[in-house]
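*Asks:* need a structure here:
(one chain, ligands or ions: 1)
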Amino acid sequence: MTDYTPQQIVARGGRLDAEAAADAIDNHPGLEGATYSILEEDEDKNIWRIDAFPTTQQESDGLASVLAGYKVKVTTEVLADADWLAMALSGLPPVKAGRFFVYGMHDRGRLPASTVNLRIEAGAAFGTGHHGTTVGCLQAYDRLIKARSFKKVLDVGAGTGLLAIAAARTGSKLAVGTDIDKPSVRIARENALVNQANAKFVHASGLGHRLVADNAPYDLVFANILARPLISLAQDIKRALVPGGTVILSGLLRTQERMVKAAYLSRGFRVKTRIHRDAWATLVLQRP
Ligand SMILES: C[S@@+](CC[C@H](N)C(=O)[O-])C[C@H]1O[C@@H](n2cnc3c(N)ncnc32)[C@H](O)[C@@H]1O
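*Replies:* Numbers count the residues shown, from 1 in each chain. Prediction:
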């Protein structure tokens, strides 16, 4: 595989311009497999938005050259971990995923009574609930806990800590999160306090921390990180799970699903659920 860093190309313009650009992507012979979405971002201002997720440099160049032919404003973001942090915006609307309602300070006066309400402020850590991968993990987890509970939960790449906090707030006796990014660990600890969740967070790469090892094995592991670390962590995740345990994987693009799945299927995991949201895939797998 060539070394290509996943990117997100965003193009904004009026409805007619954005739709014409989207049609041009569809009709371009080199962009047949390109994943993109088009949606109305602001009805009052007539702003439409295309999000494209090229998987090769060639596809990225092709998209850029097609979009350049239309009256749309194009920006490109590298979907590396560090830049994912910048995707957290302030003043975001609350997000509902299954029984979870993720909200910021500005919405604290409008909390539904029937949901598990989690307060997560937009800031320097990833995971306000607005990203397709976080929502996918919350939805997958919500479905799973309709049928059973998970006593011990590990969240690899915890960001704001949202997933471990959601687990702690829905009955898990132990919820541990790790993150490679120190500020995220600090924020996740603050979020655990704010949400009165008994979740612990440590600074670590992958599962490499004594607290993680001491508390293994886990019934459930969340890992919402990029495709490559998901692949390289497959064996560590298997080792950290009880037999029959569950892993919820996200952070992979749909186009990367096959290679991530292969790393887990070859270790005896079975796919239980797949959620596709935007260009992203969330996989629920069961350990042998
Ligand atoms: C996509 S965010 C997910 C955040 C949160 N779990 C969520 O679902 O919204 C990925 C997080 O994983 C962290 N990360 C990336 N590689 C990692 C690794 N090898 N070990 C631990 N954390 C990692 C990043 O710093 C980032 O906070």
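*Asks:* helix or strand for Asn191, which one?
*Replies:* Take DSSP states H and E as the rule and Asn191 turns out to sit in helix 182-194.
*Asks:* so which elements touch that helix?
*Replies:* The contact analysis (3 or more Cβ pairs under 8 Å, 6 or more residues apart in numbering; DSSP states H and E) places helix 182-194 against helix 162-169, strand 174-179, strand 199-203. Glycine gets a C-beta too; all of them are placed from N, C-alpha and C.
*Asks:* pipe the ones you listed into a markdown table and attach distance to Leu265 and mean pLDDT per row.
*Replies:* Putting the helices and strands packed on helix 182-194 into a markdown table (distance: least, Cβ to Cβ, whole Å; pLDDT from 0 to 100) gives the following:
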| stretch | distance to Leu265 | mean pLDDT |
| --- | --- | --- |
| helix 162-169 | 23 | 98 |
| strand 174-179 | 25 | 98 |
| strand 199-203 | 30 | 97 |
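*Asks:* quick revisit: just want the angle from the helix holding Asn191 to helix 162-169.
*Replies:* On the basis of axes from the mean of the first three to the mean of the last three Cα atoms, to 10 degrees, helix 182-194 is oriented at 30 degrees to helix 162-169.
*Asks:* interface residues of the chain facing the ligand?
*Replies:* 81, 84, 126-127, 133-134, 137, 155-159, 162-163, 178-181, 184, 205-206, 224-225, 229, 251 (Cβ under 6 Å from any ligand atom).
*Asks:* mind redoing it with 5 Å?
*Replies:* 81, 126-127, 134, 157, 159, 163, 179-181, 184, 205-206, 224-225, 229, 251 (Cβ under 5 Å from any ligand atom).
*Asks:* weed out the non-buried ones from the residues you listed.
*Replies:* 81, 126-127, 134, 157, 159, 163, 179-181, 184, 206, 224-225, 229, 251 (16 or more other Cβ atoms under 10 Å).
*Asks:* show me which pair in the residues you listed is furthest apart.
*Replies:* Within those, Thr134 and Gly206 form the most distant pair, 19.2 Å apart (Cβ to Cβ).
*Asks:* show residues contacting the helix holding Asn191.
*Replies:* Identification of contacts with helix 182-194 by Cβ atoms under 8 Å, 6 or more residues apart in numbering yields 85, 119-120, 123-126, 158-162, 164-165, 168, 177, 179, 197-203.
*Asks:* restricted to buried residues, select the residues you listed in ChimeraX.
*Replies:* The ChimeraX selection below is limited to those of the contacts of helix 182-194 classed as buried (16+ other Cβ under 10 Å):
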select :85,119,120,123,125,126,158,159,160,161,162,164,165,168,177,179,197,199,200,201,202
